[in-house]
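Undergrad: Give the three-dimensional model of this entry:
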Amino acid sequence: MSLARVVVAAVVVEGRSKTQVAKDYGVARSWVYELLKRFEVEGEAAFEPRSRRPHSNARATPRDVEDRILFWRKSLADQGFDAGAQTIAYHLSIELGSAPAISTIWKILSRNGLVVAAPKKRPRTSYTRFEADQPNETWQTDFTHWKLRNGRGIEILNFIDDHSRMLISATAVYATTGPFVVETFRTACNEYGLPASVLSDNGAVFTARMRGGRNAFETELASLKIIQKNSRPYHPQTCGKVERFHQTLKKWLVKQPKVTSIGDFQEQLDQFREYYNFTRPHRALGRATPAHAYNARPKAQPGGKIIPDHFRLRNDVVDKHGNLSLRHNGTMHHIGIGRAHSGTAVRMLIHEKEIRIITTSGELLRDFIFDEERNYQRQ
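TA: Residues are numbered from 1 along each chain as shown. From the prediction side, this is the model:
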């Protein structure tokens, strides 16, 4: 039997005075009075253990601040932006002048059922991170896919600065081609200056090295003394920053109204780019914006070695129309040899724009200077 029951029984059943019972059992008289009052109201429930938690906490987060935390959580999530505790703290510090600790915000979100556990998610500490020391030291580039409201597929070509995460360019197109990559790159360089290097995967619009050639983008970089870097095949982690950026962009796009024209979609991309660069605090930058990080240091400049002259040896067979095919700067061209040589196995000796075509026995069929303005190189 608990002490509380003994005390109540001594007073109610035995009829002993509250003062005497308190003295006999070594308890405060005020507790005896409180216990008896509780027993009269609650009956047996009065003997259940009670929480010793205080009714109030002077250090508790004020209710109005907690309401703003929940407001920012919903507002940011509804717009497709990052709505984590650190981002909420950033917005609160601007709005209120200060913000609770990140851990406090996280606890408030968790208490309101707004934190989804991800026990299988790989911890950030397990990654090996690399970051350029200066803005414009390396630009990462890649394209990703999206669909308009009418179901038509489009692609988004992105360039981001490796050091600052500055979104240099985000451009929509129905199909990414080599000339489009060069044109978009030139436009970005006019606005931000030339980068010292560019990092991409091995997509055909970025490099032709897997095919033993050089495409338009590679030629453009070489002419500007910009170092080209390509990731290891089947290893997207090398271009991890732009790959991760695609997730952030698509998370935002999902929350936006669906549009039908590519022009309207480009306006959405421009709107996101403005927010991403100048308003959104970036976790990897210590909650600074990409624009702040980009402008905080001097810019790197091209300093790579000039790529030596381009030599190629190509084996081919003259087709039934008497032509050969050759890809130059990402564009396919045709070379006239003559129907008399249809089916002949040949070798093409290519030195920049100087091309010699010989048979396997050494007979010279054609020697000319390639004209990249013409799709068909006449005899």
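
Undergrad: Now do the helices in the stretch 151-300 of the chain.
TA: With DSSP state H, counting those that start in this stretch as the criterion, the stretch 151-300 of the chain has helices at 178-192, 216-223, 240-254, 262-278, 290-295.

Undergrad: Throw these into a markdown table and include distance to His321 and mean neighbour count, thanks.
TA: Quick note: C-beta positions are derived from backbone N, CA and C, even for glycine. A markdown table is the format used below for the helices of the stretch 151-300 of the chain (distance: least, CB to CB, whole Å; neighbours: other CB atoms under 10 Å):
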| stretch | distance to His321 | mean neighbour count |
| --- | --- | --- |
| helix 178-192 | 25 | 17 |
| helix 216-223 | 26 | 20 |
| helix 240-254 | 43 | 16 |
| helix 262-278 | 37 | 16 |
| helix 290-295 | 53 | 19 |
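
Undergrad: that's a helix at Ala99, yeah?
TA: No - assignment of Ala99 by DSSP: H, G, I helix; E, B strand; the rest coil gives coil, placing it outside any helix.

Undergrad: So it sits against Ser93, correct?
TA: Yes - between Ala99 and Ser93 a contact is recorded at 4.5 Å, counting by CB atoms under 8 Å.

Undergrad: Same drill for those two, tell me which one is more crowded.
TA: Ala99 (21 against 14; other CB atoms under 10 Å).

Undergrad: Distance of the closest residue to that one other than its chain neighbours relative to Ala101?
TA: Nearest-residue entry for Ala99: Leu92, 3.8 Å, with adjacent residues in sequence omitted and distances by CB to CB, 6 or more residues apart in numbering. Separation of Leu92 from Ala101 (CB to CB, to the nearest Å) stands at 11 Å.

Undergrad: more neighbours, those two?
TA: Applying other CB under 10 Å to Leu92 and Ala101 shows that Leu92 carries more neighbours, namely 19 against 11.

Undergrad: tell me the contacts of that one?
TA: Val65, Arg68, Ile69, Trp72, Ser98, Ala99, Pro100 (CB atoms under 8 Å, 6 or more residues apart in numbering).

Undergrad: and the two most separated of these?
TA: Farthest apart among those by CB to CB are Trp72 and Ser98. That separation is 14.4 Å.

Undergrad: Who has more neighbours out of the two?
TA: Trp72 (20 against 9).

Undergrad: May I have the phi/psi pair for the closest residue to the more buried one other than its chain neighbours?
TA: Of all residues not flanking Trp72 in the chain, Ile88 sits nearest, at 4.7 Å (CB to CB, 6+ apart). When quoted as degrees, to the nearest 10, the phi and psi of Ile88 stand at phi -60, psi -40.

Undergrad: pLDDT at Ile88, what is it?
TA: For Ile88, the pLDDT comes out at 88.

Undergrad: contacting residues around the residue nearest the centre of the chain?
TA: Nearest to the geometric centre of the chain sits Phe245, at 1.7 Å (CA atoms, centre = their mean). Applying CB under 8 Å, 6+ apart to Phe245 gives the contacts Asn158, Ile160, Arg165, Leu167.
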